[in-house]
Every structure is written in structure tokens, then in C-alpha cells.
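Asker: Quick one, structure for this:
(one chain, ligands or ions: 1)
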Amino acid sequence: MRAPWAKLGALSRKINPLGTSNQNQFVVDIARNNNGDLNGNGLGAHSVSAALGETSPRPTEWSFRRCGQNGCRSTNHCESAGTNISASLKNGDVRIDVGGDEGSDLLGEIVMTGNLTPQSTGLSSKLTPPVEVSARLTTKTFFWGLRHLHLDDIVAVSCHDGSERFTIHSYPLMRTRWVPSSFGKPRRRRKDVHLIAPSQEEAANWVNVFGNYCHVNVNKLPLKEQKGASVKEKVVVDVAIKSKPGPVMLVVLNPRSGRGKASKVFRTRVQPILELAGLTLTVVETTHARHAQQLAASINLSTCADGIICVGGDGILNEVLNGLLSRDDSEFARTIPLGIIPAGSDNSLVWTVFGIRDPTTAAVAIVKGGTISTDVIGVEWHKTGAVHYGLTVAYYGFMSDVLELSGRYQRRFGPLRYFVAGALRLLCLSHYQCEVHYLPAPLELESVHVDHAADSVDTLAQETGSLSACSGVVVPPRLNGDSLTGIVEANTEPSDYIRGLDGKARSISLGRMGPCAEDAVTVASATPVSRARTRSKTRSRSFGLNAMAPESVSRPVQISRRGSTDGSLDNEVDGTKTRGWLLDEEDKWESRSGTYLGIIMCNHECKTVQCMKTQSLAPRAEHDDGLVHLLLVRDVGRLQLIRFFLLMQFGRHLSLPFVEYTKARAVWLKPAPRAHQGCGIDGELLTLDGPITTRMQPFQCHLIGKQQRT
Ligand SMILES: Nc1ncnc2c1ncn2[C@@H]1O[C@H](COP(=O)(O)OP(=O)(O)OP(=O)(O)O)[C@@H](O)[C@H]1O
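Answerer: Alright, predicted model coming up:
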């Protein structure tokens, strides 16, 4: 692990405005400790010289200012991080405020300082007697002597009432010692730091302060630690140790996911972390497909109000989400945060949104808390009005065929089943005829989505009124009637930007496409006259022998809308009454028909754990941008399909001439009658027995954890 001093050294070199190599000309502001002792900050004279490089001479002149602020008189407690000591090395040019800058990601603000004796374990405890070192806890890191731990890696502190000992439990990233650093990846491993405070009160103080950042286990010191430790007779100390009860969560575990080792992974690597951090868990192992959905649909939510942890792949999370959203109290159910422990095959969501691919890191992230809100896509079956929700991707074509076949190889090949099924499907490649219509995202939505990433979609929907309410997308609150006109204009002539293609890529694609490509990429203009007739005519042509022939497809359906009592709108589509999906702003819909290899609707980037780090299905997508990222892959044969998947490993497949990429607000899809009828949503296989519409939902789902620091 790289020492922060090294970071500081790098920073000080970076910001030297004179560009000189003379490191003496710096003034370093060091957050003080109340002993007036620089060592107390973990930045002693040794550290400062280390920060400034080995060539720096030792500081010759130091000036100290004592704190004394806010009645700070404790011998080992100081919160006045703003008070600094200037350690003048020479005539200074640059100030580095080590203590005060939260954004610098260096050391954070000081919370507590003091002296502690680390207790070494094993052989080293016999060779080296314990030595008292200065310790410091900041808002980001805990330092003791020349060692440190990031607070994000600390999951709990254990102590005994009336003992001066306490133990910090952490899971930092560590390299295997005997493996050279250029090989092998650092992994999270448990590291317990046993410390002895000078007195019981000080130990209680330390534990209470740590309690603000992690769980406190009282009277649960590890047995190893208690052995030989002088746990004194319980005495009443002035400072009581505060320990809050941990969250109560439900764990839904799919024992069949991935290689079928989810149970083992959970018991050995995840459960110990969650229990150490004080979580009260109810573990349910699924016994059959849809078990998780039934469970989430029927469980008493008060038993898992703090969250539901899904152990498995994207499929099990999808089941839980759909179960929650199918409840009568779905408004409340969808506020329950969902945690993910990646033990499945793809684990696309947790890898893309959190940058997590191993169960230990995921468990630590859940323990540390926080949530990330992510969009939810809803796929509605027009015939029945049923809606299936997803968090990752919905697809039709080659990928859904592969998904269907891969089910047969789950036991034999585990996560590799997708490759096996993919290779087999490639050998006997099918052709997928379908009709697609989509509502492109307005330019404004594309450019402002980042501003609204933090806002709740619900709030925005309320602020923006009918447009967002109807289409289920986030519309910037500043849009008024005038700017809506702008959207209409922007959509009547879709720009390259709207289609997600830069000018160069677009011209290259068009150049390479030739007449055949033009056929499939036909943009329908607004044709309000005799819609119903045009539609039936179009359909008969779309699925005819020459499906790639140039054609302009008109609106897919005849819609009539009625307001309903609950404020939503009913639609009548081809005589079938459906609710909630609206082909609003009909004149803006664009249409495609023909033979495709894939129609892919992404909710986020859709990275896959099994592939390269650079792999991304929709490189421009964000998990909270309120848009469906649509990829249309035309039927171009095996070699081009292989090329597509190879370039996807580097996120460069969008520049292929047979790939059309669009940011959309809604997508209407209908496979040809005799075409393949399978559709995949987050790895769940569903049957298409008619047209479906995919669109963003006006609410988000909350995932437990925060993005991992790189
Ligand atoms: N006990 C079980 N037996 C058989 N199937 C199950 C069981 N529990 C869940 N399933 C089904 O297994 C499917 C796949 O589960 P999951 O997504 O967790 O694993 P995965 O497919 O390996 O991972 P990924 O979706 O990331 O590729 C789910 O759709 C679910 O319906």
C-alpha cells in the first residue's frame, strides 16, 4: 500500500510553481497535535523530509502554535483541524495544507490524536517488545506510528468494557508478499490491529470516536486477543462505550448462480464481514427459479427495512426487484435499498455501477453503507399490460438466443456457458426480423443529464409536469413551453449527436454502408394521414421476403387515450387496452424494420466481469441518465458479428457501419410472427408474444454501497 507521505511528496513536487528541483523552498502546513509535537500527526520530521524527498536537508527552524481553541484542553483529543503549525524549512513559496483540504484526498481532518501501543502478534511479538507510538484519527485515515489504514477499509472495532485494549478490524487491499508487484492483483484481506491505550478512559474514547465511522462490538474481543491479555477487573470508568445495534437485512442467495459456489462464497467470505459489522441477517437460499420474486412479493417489509442483499448474479437481483415492484405497497417497497454480492456469471450491474467484482469488496461496501440511485427500465407487454422491470439491459435477437441455449450448460460450464452457447449459436446463426420504433432523446436531455444525476426522478417528474409524467423520463425543470418547441425541432431532423455518433464516425459509417445499409436505416418522417392503413401496409411489407428493401415505416399503433381516475392514462392499442405506456409525441418517433442480429436496450454501460476492463456495451451510458441506450445491430453475418464482439472489448463497436446507436426515451419492438420470440432482461429469459415497449420508469432504485476509489 502506498504511504500517503509518498503521495504528499508527489503532490509537493507537482505543484512547485518555480519548477525547481530545490525541495527546500516549501512551507508545509501540518495539522497540529495538541502536544505540540509533529510526530503526533504522523508527520514527524522524518516524514516531512520523506515528503520532500531524500535530498532535502533536515528542517532547521520550526515554529509551533498551540491550539487552545474552543476550550480544547484534552491531552489527546483535538478537533481543531483548521489550526496549523507552520514548519518553515526556508523562505517558503508554496503552502501545502495537509490537514484541512477535504478534497485533496490526502489525510482528512483530524478527529483525535494520542499515544497507543500496537500489540504485535506471532513471532514478532517475542522479538520486539511493544513500543508506544503516536496515533491520529482523521476523517479519512487512521495513523499509528508510520502505518495507516483508510477508514473505508475499517469495518468494525471490538473492545471490552473496562479494558485498555481494543481491536480494529479492517479489510484493506493487500498484495501477496511473495508475488512481485507487477504480477497479481491486490486483494482485500482481513487485517486486525490490536492496540493498547494508556488508560481505560482513553481506550473508551478511541472506541467511541471510531464508532462514528464503523460498528462497535463491545465485549467481543477476539479470543486470540483476550488470551494473555490483562483484561482488568471490570471497573466503572467515566467514559461509557457507545454501541448502536446494526442494520437488519434479508439475504437472498441463489445457490445455483455462477459456478454454483454462491453459498460457499457467502459463508466463508461475506457473512463474517457482515456479522463483524453488526448486521442482523436472515438468510434465505432460493430453491427454484422465481423463488426470490415470490419472496420479495410477499415478505413482511419491516423484517428487511434496512435492505435486501442479493447473493448471485444480475438475475437474482432482477427477481427481487420485480417482486418488490409487484406488491400493493410498491411505492414503499421500491425505497428499500438493495445490496449485491457478486457471485454470479456476469454481475454487470455491480461491476459497472460500483466498480466492484469480488464478493469481499462488495461486502465491505455494504457494511460502509451509502446508496447509489440507479434508473429502472420497464418492459411492457402490450397484450397483457404486464410490466417486467430491469436494471441492466433488455435485448432481443442473437443475445436472447444465446441466453436461452446457455441455460442447458449452466451446470457443466458455469459462467463459461455464455461463450459455449454463443459459439454454438454463431455456427447456426439465426435471422431476427422485427420492427422497431423509438423516441429519440431530446438534445437537452442528453446534455443536462449529468446535472440531474443526483436528483430524484420523482421530484423532477413533479416539477416538470405532464411531459415527463407521460414519457417517464427526466426532463430538466428549466424546460418551459418555449424550450419544448426546441425539442420538437431537434427531433424532426435527428442530429448526429442525438444518434450518439460523432461526425467522423457517422461519415465513416455512412460511407461504408452503401445502399443496403441505407435500406435498414430508414427514418420515418411524421405522416399524420391515414395512419392505420399505412401501418398495416407497412407490416406486411416489413416481414416480407425482401425485408431489407427500402421502406419507410409509419407509427406502429393507433392509440387512443383516456384519462383515468388515478391520474394515469389508458391507451387502446389495436383494440387492446393497456395502461401506462404511451407513444407520446407521435410525430417524433423514428422507425426501423428489417433483419437484425440484435436489438439491445441498455440502462448503463453494461460491462461484464468476465470480459476485459475496457469492455462496454454502451460506453456513453450512465446508470442515472434517464435514457434507454439503444443499439441496433443489423444482420451482417458471422464474421461481422465476431468483429462486433471483439471491438466491444475495447468499447469501439459503435463505430461499426452496421451498428446504430441512439439515446432514446422509449423503444417499441415487435418481432415478426415466425421469428425468434425470446427476450432477455437482466439475464432473465421471457417470451415475446407480441409487441413490447421499453422505457425508463419515473422512479429509481437504491443500491447499497458507493463507488470504489481507484
Ligand atoms: N435454486 C434455484 N434453482 C434453479 N434456478 C434458480 C434458483 N434460484 C434462482 N434461480 C434462477 O437462476 C437464474 C440465474 O441466477 P443469477 O442471475 O443469480 O446467476 P447467473 O445467471 O449465474 O448470473 P448472471 O445473471 O450475472 O449471469 C435466475 O434467473 C433465477 O431465476
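
Asker: sec struct for the closest residue to the ligand within the stretch 501-650 of the chain, please.
Answerer: The nearest approach of the stretch 501-650 of the chain to the ligand comes at V609, 7.8 Å away (CB to the nearest ligand atom). In this view, the C-beta of every residue, glycine as well, is placed from N, C-alpha and C. Classification of V609 by DSSP: H, G, I helix; E, B strand; the rest coil places it in coil.

Asker: Could you do the one 4 residues further on as well?
Answerer: In three-state terms, and counting by three-state DSSP, K613 is coil.

Asker: Going forward, the N-terminal residue is numbered 874.
Answerer: Sure, I'll start numbering at 874, so the last one becomes K1486.

Asker: Can you list phi and psi of it for me?
Answerer: Backbone torsions of K1486, given as degrees, to the nearest 10, read phi -60, psi -30.

Asker: tell me which parts of the stretch 1174-1323 of the chain are close to the ligand?
Answerer: Within the stretch 1174-1323 of the chain, the positions near the ligand by CB under 6 Å from any ligand atom are 1185-1189, 1192, 1217-1220.

Asker: one step back: verify the stated contact: the residue of the stretch 1374-1523 of the chain closest to the ligand with D1231.
Answerer: No - in terms of CB atoms under 8 Å, V1482 does not count as a neighbour of D1231; the distance is 9.2 Å.

Asker: Quick check: neighbours shared by those two?
Answerer: Common contacts of V1482 and D1231 (CB atoms under 8 Å, 6 or more residues apart in numbering): P1215.

Asker: For L1490, what are phi and psi?
Answerer: phi -80, psi -40.

Asker: pretty sure Q1570 contacts V1252?
Answerer: No - using CB under 8 Å, Q1570 makes no contact with V1252, being 10.5 Å away.

Asker: what sits in contact with each of the two?
Answerer: Counting by CB under 8 Å, 6+ apart, the contacts common to Q1570 and V1252 are Y1262.

Asker: Tell me the residues of the protein that contact the ligand?
Answerer: 1127-1131, 1159-1164, 1185-1189, 1192, 1217-1220, 1556-1557.

Asker: can you do 8 Å?
Answerer: By CB under 8 Å from any ligand atom, the residues of the chain that approach the ligand are 1127-1131, 1135, 1158-1166, 1183, 1185-1192, 1215-1221, 1283, 1287-1288, 1291, 1482, 1555-1557.

Asker: Give me the buried entries from those.
Answerer: Listed as buried from the residues of the chain next to the ligand are 1127-1131, 1135, 1159, 1164-1166, 1183, 1185-1192, 1215-1221, 1283, 1287-1288, 1291, 1482, 1555-1557; burial here means 16 or more other CB atoms under 10 Å.

Asker: from those, which ones fall inside strands?
Answerer: The strands, defined by DSSP state E, take in 1183, 1185, 1215, 1557 from those.

Asker: OK, contacts around whatever residue of the chain ends up closest to the ligand?
Answerer: Among all residues of the chain, G1186 sits closest to the ligand, at 1.9 Å; criterion: CB to the nearest ligand atom. If you count contacts by CB under 8 Å, 6+ apart, G1186 has them with 1127, 1130-1131, 1215-1220, 1556.

Asker: Need the nearest residue in space to it, chain neighbours excluded.
Answerer: Of all residues not flanking G1186 in the chain, G1217 sits nearest, at 1.9 Å (CB to CB, 6 or more residues apart in numbering).
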